[in-house]
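Participant: starting from these lines, generate the structure:
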Amino acid sequence: MPIWLEVIVRTLVSALILFVLTRLLGKRQISQLSFFEYITGITIGSITAYLSVDVDTHWYLGIISMGVWFLVSLGIEYLQLKSKKARDWIDSKATVLIKDGKIMEENLKKEKLTNDELLEQLRKKSIFQTAQVEFAVIEPDGEINALLKKEYQPLTLSALGVKAPPEPEPQTVIIDGNIMDEPLATLGFNRQWLHTELGKLGVSLDNVNLGQVDGLGQFYADLYDDNIQVPQPQVKATLLAQLKKCEADLEMYALSSEEPSAKQLYTSCSEELQKVIQNIKPVLAR
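Facilitator: Residues are numbered from 1 along each chain as shown. Predicted coordinates:
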C-alpha cells in the first residue's frame, strides 16, 4: 500500500475511533472539563494525531493506547459518580472568594487568581463592585459564580408578590425560508395561518431567515434583508388595552346608573375584571 494511502486510511480510522470514544465518554467531556478530563482529551488527541502519520509504528499499538486511556477515564468517571470523596479529590471543591463583600485573599492566592482576574470575571456577570457581592465562589471547572446582596438584586415579579402564569415554549416555524410543519402543528396552526401572518407583515416566505411563534401565538420574523424594519406584533398590547377599556366602561356604567342593582352589578364586574388584568398584565406587558 502506498504511504499516502496508508496515511489516509490511518487518519480516517483514528478519527472514527476518536469520535466513538468521545461519544462513549459523554457530553461532559466537551462541556465542563475536569482537570483529569482535560489531560485525557489532550493525550487521546495527541495519540490520534501520532497514529495518523507515523507509518513506521504498528497502528494497533496506538489503538491499544487509546483504549487504555478510554478505560481509565471511564473508570475515573464511574468512581466520581459513586464516591463524593473521590469526586472532591479529583475535581477539587468550590472555593469561596468573596464573603459578605470581603475578598478572601488567602483563598484567592490558593486558586492562583489575581484581583484583576477576579474583577474581570465579576464584570462579565455585570457586577462592578465587590461590596455588592454577598457570596462568590470559584467552581471546580474554573467558573466564578456570585450572589448579590438582597438590596442589589434585580427586581422580580416574585419580589413584588405577583405570580406570572406559565408561558408555553416558543416554536421555530421557519428556518432558512423553509416552513417547519411539526412545530407549527404543535401550536395548533397551519400553513395558511402562517402565510396570513406573513401577509400582515408584508414580507414573503423566501425573505425570512428565521420565524418564531411565542406561547401566545404572536409571530416574529427575522429577514435576510436587514434594511427592512419588521413591525413588532401588537396582539398582547391590543388585548391589554381592550381589557382596560372594558374595565373603564364598566366603571362609567356604575357611576352613571341610578338603579342600585345595576350599579352593584357593574361595580362587581369592574372589580373582577381589575383582578383579571392584574393577573395577566405581567404576561401581556412583556
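Participant: can you classify residue 48 as helix, strand or coil?
Facilitator: Following DSSP: H, G, I helix; E, B strand; the rest coil, residue 48 is assigned to helix.
Participant: neighbours of it, how many?
Facilitator: 21 (other Cβ atoms under 10 Å). Glycine gets a C-beta too; all of them are placed from N, C-alpha and C.
Participant: distance check, it against residue 61.
Facilitator: 13 Å (Cβ to Cβ, to the nearest Å).
Participant: for residue 183, same thing?
Facilitator: Look at residue 183 and residue 61: by Cβ to Cβ, they are 50 Å apart.
Participant: okay, the two: which has more neighbours?
Facilitator: residue 183 (19 against 12).
Participant: dump the residue contacts of that one.
Facilitator: Taking Cβ atoms under 8 Å, 6 or more residues apart in numbering, we find residue 183 in contact with 171, 172, 173, 213.
Participant: please repeat the previous calculation with a cut-off of 10 Å.
Facilitator: Applying Cβ atoms under 10 Å, 6 or more residues apart in numbering to residue 183 gives the contacts 169, 170, 171, 172, 173, 174, 175, 189, 211, 212, 213.
Participant: got it, and residue 253?
Facilitator: Counted by Cβ under 10 Å, 6+ apart, residue 253 has contacts 262, 263, 265, 266, 267, 269, 270.
Participant: which of those count as buried?
Facilitator: 266, 267, 269, 270 (16 or more other Cβ atoms under 10 Å).
Participant: now the last one, nearest residue through space, not along the chain?
Facilitator: Spelled out, that is residue 270. residue 250 (3.9 Å; Cβ to Cβ, 6 or more residues apart in numbering).
Participant: unless I'm mixing things up, that neighbour is touching residue 264, no?
Facilitator: No. Judged on Cβ atoms under 10 Å, residue 250 makes no contact with residue 264 at a distance of 11.9 Å.
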